[in-house]
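*Asks:* I would like the atomic coordinates for the input below:
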Amino acid sequence: MQKTQLGVIFGSRSCEREVAIISAVQLMNHVDPERYDLIPVYIAPDGRWYTGAALRRIESFVDFDPAKLKVEQVHLDLTAGSGALMTTRPGKGLFGKPEQVMVARLEVCLIVMHGLHGEDGTLQGLLELANLPYTSTGVAGSAIGMDKILMKRCFQGCGFPVLPGCWFSASDFRRDPQAVAEKVERELPYPVFVKPANLGSSIGVTRANDREGLMDALELAFEYDRRVLVEQGLDHPIELNCSVLGFDGEMEASPVEMPISSGDLLDFGKKYLAGGGTKSGGMASLSRVLPAPIPDEQRDRIQALSKEIFRELDCKGVVRIDYMWDRVTDQLFITEINTIPGSLAFYLWEAAGVKYSVLIDRMVALARKAWEEKNARTFVFTSDILKGAKLGAKGAKGSKGSKGSKF
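*Replies:* I've put the predicted structure just below:
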């Protein structure tokens, strides 16, 4: 069997870079070596791309030193369908010129990014231009899933249940911070949660119980993003998560989990640091009850709603949707969708009897299917419009085609 050249792309310029590294190393340890030639591709905080065997070890990223690790800086050839990772090497001999060398060719890209510059549609757009199959949700769904403000508006438009909220820009806050606080208090009761619009892993998220706490929370959130969402809080809600795997009409929902936190906010430390030196690390080491101890009808409701969300955002691969359940009122609210969830939510699928290696196989197969369907469509349309095009002498007033038409 011919092996697939599988590029695992991870890291990037993101506050969640370290979480992505943990998720990627976890995943690379479960890739079937009989089916894939694994090509790690690490995007460092300065935006440089690297590849090399040392990138499969978690300790390589502590005081990352490319020269010491013997990893090469590379760039992706964006020629459609190429998939070549190129590097520049010194020429041979005293007068040899540097030369461009292909060090690997990517057939399928498995994206393990959390946060901006990777999970938000930017990398997906790059891979669309390069015409390479990739495992995550596409450009539009990724962008909406990353931006909490757009996400909430999208969910509201679909009729999905979300908590009341309002949003502000940094210029609003600089111009009149008290007016921002007053608007929040007019529209929402305390407690409220203040969140940077384009950030995950609960970084920069704060609960505010009064005006003073609100002002501090807004100050912090605006350090991370230009736009900030303020949402109504709930008293002692139950957090519930569900993953969906698939593409287009082919999808299934995982068992529902209940993460365990000791306070009101499952923050970055509780999500990723509380597990200490556990073997799994990341989201996989978080304390949870799986399956969640909830009524069967609530489980069925969450799984059905998760698949609806997956379809509306045209998702692909593995996602995780997070919920808040108010047991007093029996109201269920969507918190967010993670289009590339921490640890790729493999623990949820293991609970459904799907081994991580098999989950990877299915993600790769779905990436290929989406790519094949895209390439079966028509992208180039040729007409006679260029034959009749006449540019003005200066070209400043636009172009005219045949009489009566403009383009």
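*Asks:* show me where the stretch 301-407 of the chain has its helices.
*Replies:* 346-350, 356-375 (DSSP state H, counting those that start in this stretch).
*Asks:* winner for burial among those?
*Replies:* Per residue and on average, the most neighbours among these fall to helix 346-350, with a mean of 23 (mean count of other Cβ atoms under 10 Å). Bear in mind the C-beta positions are built from the backbone N, C-alpha and C, glycine included.
*Asks:* show me the chain divided up by domain.
*Replies:* 4-134, 165-232, 235-375 (automatic domain parsing).
*Asks:* first-to-last residue distance for the longest one?
*Replies:* Taking Cα to Cα, to the nearest Å, the span from the opening residue of domain 235-375 to its closing residue is 50 Å.
*Asks:* distance to Gly392 and mean pLDDT added to the domains of the chain, as a markdown table?
*Replies:* Supplementary listing: the domains of the chain in a markdown table, determined by distance: least, Cβ to Cβ, whole Å; pLDDT from 0 to 100:
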| stretch | distance to Gly392 | mean pLDDT |
| --- | --- | --- |
| domain 4-134 | 32 | 95 |
| domain 165-232 | 40 | 93 |
| domain 235-375 | 38 | 88 |
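*Asks:* redo those as TSV? Include distance to Ser142.
*Replies:* Below are the domains of the chain laid out as TSV (distance: least, Cβ to Cβ, whole Å):
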stretch	distance to Ser142
domain 4-134	4
domain 165-232	12
domain 235-375	5
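*Asks:* quick one: closest of these to Met151.
*Replies:* domain 235-375 (6.4 Å; Cβ to Cβ).
*Asks:* tell me where the stretch 51-200 of the chain has strands.
*Replies:* Assigned by DSSP state E, counting those that start in this stretch, the strands in the stretch 51-200 of the chain fall at 72-76, 84-89, 99-105, 108-112, 165-169, 192-196.
*Asks:* in its sheet, what does the second one sit against?
*Replies:* Yep, that's strand 84-89 we're talking about. strand 72-76 (antiparallel), strand 99-105 (antiparallel) (DSSP bridges).
*Asks:* doesn't Ala140 make contact with Cys315?
*Replies:* No - using Cβ atoms under 8 Å, Cys315 is not in contact with Ala140, being 10.3 Å away.
*Asks:* more neighbours, the two?
*Replies:* Cys315 (26 against 14; other Cβ atoms under 10 Å).
*Asks:* contacting residues for that one?
*Replies:* 137, 141, 244, 246-247, 309, 337, 339 (Cβ atoms under 8 Å, 6 or more residues apart in numbering).
*Asks:* ok, Val184 next?
*Replies:* Going by Cβ under 8 Å, 6+ apart, the list of residues near Val184 reads 166, 192, 214, 230.
*Asks:* next one: it from Glu107, what distance?
*Replies:* Val184 sits 50 Å away from Glu107, going by Cβ to Cβ, to the nearest Å.
*Asks:* quick check, Leu106 in contact with Met86.
*Replies:* No - contact criterion Cβ under 8 Å: Leu106 and Met86 do not qualify, at 11.4 Å.
*Asks:* isn't Gly52 right up against Pro40?
*Replies:* Yes - counting by Cβ under 8 Å, Gly52 does reach Pro40; the two are 7.2 Å apart.
*Asks:* quick revisit: so which of the strands of the stretch 51-200 of the chain is nearest Trp349?
*Replies:* So among the strands of the stretch 51-200 of the chain, strand 108-112 is nearest, using Cβ to Cβ, at 15.2 Å.
*Asks:* what's that closest one packed up against?
*Replies:* strand 4-11, helix 17-28, helix 122-129, helix 356-375 (3 or more Cβ pairs under 8 Å, 6 or more residues apart in numbering; DSSP states H and E).
*Asks:* need those in a markdown table with distance to Val328, can you?
*Replies:* A markdown table is the format used below for those (distance: least, Cβ to Cβ, whole Å):
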| stretch | distance to Val328 |
| --- | --- |
| strand 4-11 | 41 |
| helix 17-28 | 33 |
| helix 122-129 | 40 |
| helix 356-375 | 36 |
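*Asks:* minimum distance to Pro45: which of these has it?
*Replies:* That would be, of these and by Cβ to Cβ, helix 17-28, which comes in at 6.3 Å.
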